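1. My questions concern the predicted model and sequence given below.
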Amino acid sequence: MLKLLSFFVLLNFSISANAKLVKINEHGHTLPASTTIWACVLDTNTKLMWEVKTLDNSLHNTKHTYTWYQDKQGINNGEYSHNCNWYDFCNTDLYVDINNRSLFCGHKNWRLPTHNELKNLQVFGEQDPTINTNYFPNTQPKTYWSSTLDTKDKELVLDVPFFYGGYTGSEKQFDAHIRLVRDNLDTNTNTNPATNTLKINKPQE
């Protein structure tokens with residue numbers, strides 16, 4: 001069993017080592033690897049761009065959590081929908097919408113990742129969180145929502161634990177963290193999100 005575990009740890013490291021990660025600023029421009037401030041990360045192998053969490057009081061604060069709500073399914077305003085400081089209703093659908101309307105990192109096709117996409121970010125080293133913190137700092141060693149429903153129970157969503165010993169599968173009514181992703185297909189990378197004025201509409205209850 002120990003040999004098998006070691007094999008999977010080494011395999012995970014190997015996959016991670018082959019990933020080409022590029023830091024991206026808030027306007028969608030690439031940055032040198034040595035930069036100390038960045039907003040997103042592009043994986044040039046998978047062609048996916050990922051959100052990077054922050055420690056400030058912005059929309060992307062690492063401590064914010066959200067209830068799962070997508071395609072009018074789930075909980076948009078429940079008991080656990082009040083754990084972000086930028087709005088009264090903290091759900092995944094609203095978070096995706098506000099990031100798209102603000103052209104986060106210069107783009108408007110942000111979404112929740114699938115379970116497999118999110119799992120591919122896991123890197124099992126010596127400690128939590130189980131992710132490459134050189135590119136994804138401020139990651140909480142807790143669970144993050146995916147867009148994938150449990151095939152056996154549609155009331156459960158397959159989340160991903162970024163810590164050792166975690167399990168996958170949570171009820172939509174509870175809250176978890178989010179890391180958005182986008183398919184790197186469009187070329188609108190020069191738009192300044194700060195120039196957009198946003199009006200957040202109250203979700204329907």
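-> Done, it's in. Numbering: from 1, shown residues only.
2. Output the below-cut-off pLDDT ranges for the chain.
-> Along the chain, segments meeting pLDDT under 70 span 1-19, 186-205.
3. Nearest to the spatial middle of it, which residue is it?
-> Arg179 (0.9 Å; C-alpha atoms, centre = their mean).
4. Secondary structure element for that residue, which one?
-> Arg179 belongs to no helix or strand when elements are defined using DSSP states H and E.
5. quick one: contacts for it?
-> By C-beta atoms under 8 Å, 6 or more residues apart in numbering, Arg179 lies in contact with 50-51, 53, 113, 118, 121, 136, 139, 144. In this view, the C-beta of every residue, glycine as well, is placed from N, C-alpha and C.
6. one more time with 6 Å
-> Arg179 makes contacts with 51, 144, as judged by C-beta atoms under 6 Å, 6 or more residues apart in numbering.
7. same thing with the one 5 residues further on?
-> When the contact criterion is C-beta under 6 Å, 6+ apart, the partners of Asn184 are 47, 49.
8. Relative to Gln73, how far out is the residue nearest to the centre of the chain?
-> Noted for Arg179: a distance of 20 Å to Gln73, by C-beta to C-beta, to the nearest Å.
9. Now do the strands in this protein.
-> 21-24, 30-31, 40-43, 48-51, 66-67, 69-70, 73-74, 143-144, 156-157, 160-161, 170-171, 175-176, 181-183 (DSSP state E).
10. List the strands paired with the fourth one, with their directions.
-> Strand partners for strand 48-51, identified by DSSP bridges, are recorded as strand 40-43 (antiparallel), strand 181-183 (antiparallel).
11. quick one: contacts of the last one?
-> Contacts made with strand 181-183 from outside it, assessed by C-beta under 6 Å, 6+ apart, are listed as 48-50, 107, 109-110, 113.
12. Give the buried subset of those as a ChimeraX selection command.
-> Buried subset of the contacts of strand 181-183, written as a ChimeraX selection, criterion 16 or more other C-beta atoms under 10 Å:
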select :48,49,50,107,110,113
